[in-house]
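Student: One predicted model, sequence on top.
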Amino acid sequence: MPHLDISIEKLELAASKLRAISHPMRIAIIDLLSQKEAMSVTEIYNALGIEQATASHHLNILKGKRILVSKREGKKIFYSLRNHTLTEIIECINRCNEN
């Protein structure tokens with residue numbers, strides 16, 4: 001078996017991020033944010049047809065795992081993707097399910 005040049009810490013971090021996106025609602029949030037540069041909490045929960053508390057819960061999980069970043073403008077908080085790599089993973093999974 002070839003030696004993999006990846007640390008346990010990197011594997012743990014990758015697994016942690018994958019667990020964070022493993023919820024359908026969080027995938028939907030990532031998909032939404034991949035289409036727009038930034039969205040407010042209100043825009044996100046309205047677009048997904050969910051309660052504000054539910055949206056905030058999922059947004060906090062994604063932000064805590066450093067998948068999203070947030071920026072406050074007045075009373076509103078806007079969320080955006082830290083990078084678009086995870087959207088590529090989700091697109092890949094979707095392509096695998098097309099058969």
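Tutor: Ah, there it is. None of the values given here were measured: they were computed from a predicted structure.

Student: can we go C-alpha only for contacts and neighbour counts from here?
Tutor: OK.

Student: What are the buried residues along stretch 24-36?
Tutor: By neighbour count with 16 or more other C-alpha atoms under 10 Å, stretch 24-36 contains the buried residues 25-27, 29-34.

Student: Now, those residues that are in helices?
Tutor: Assigned to helices by DSSP state H, the following of the buried residues of stretch 24-36 qualify: 25-27, 29-34.

Student: Nearest to His58 among the residues you listed?
Tutor: Arg26 (6.1 Å; C-alpha to C-alpha).

Student: What does the pLDDT read for the closest one?
Tutor: Per-residue pLDDT puts Arg26 at 95.

Student: Secondary structure element for the residue lying closest to it once chain neighbours are set aside, which one?
Tutor: Nearest residue to Arg26, sequence neighbours excluded (C-alpha to C-alpha, 6 or more residues apart in numbering): His58, at 6.1 Å. Per DSSP states H and E, His58 falls inside helix 52-64.

Student: C-terminal to that helix, what's the next element?
Tutor: Heading C-terminal from helix 52-64, the first helix or strand you meet, by DSSP H and E, is strand 68-73.

Student: Just checking: what are the partner strands of that next one?
Tutor: strand 76-81 (antiparallel) (DSSP bridges).

Student: Show me what the helix or strand just after the partner strand is packed up against.
Tutor: For strand 76-81, the following helix or strand on the C-terminal side (DSSP H and E) is helix 85-96. If contacts are counted by 3 or more C-alpha pairs under 8 Å, 6 or more residues apart in numbering; DSSP states H and E, helix 85-96 sits against helix 24-35.

Student: what helices or strands is the helix it packs on leaning on?
Tutor: With contacts defined as 3+ C-alpha pairs under 8 Å, 6+ apart, helix 24-35 has these neighbours: helix 41-48, helix 52-64, strand 76-81, helix 85-96.

Student: Of those, which stretch is the most buried?
Tutor: Among those, the stretch with the highest mean neighbour count (mean count of other C-alpha atoms under 10 Å) is strand 76-81, at a mean of 19.

Student: what is the orientation angle of that one with helix 41-48?
Tutor: Going by axes from the mean of the first three to the mean of the last three C-alpha atoms, to 10 degrees, strand 76-81 is angled at 60 degrees with respect to helix 41-48.
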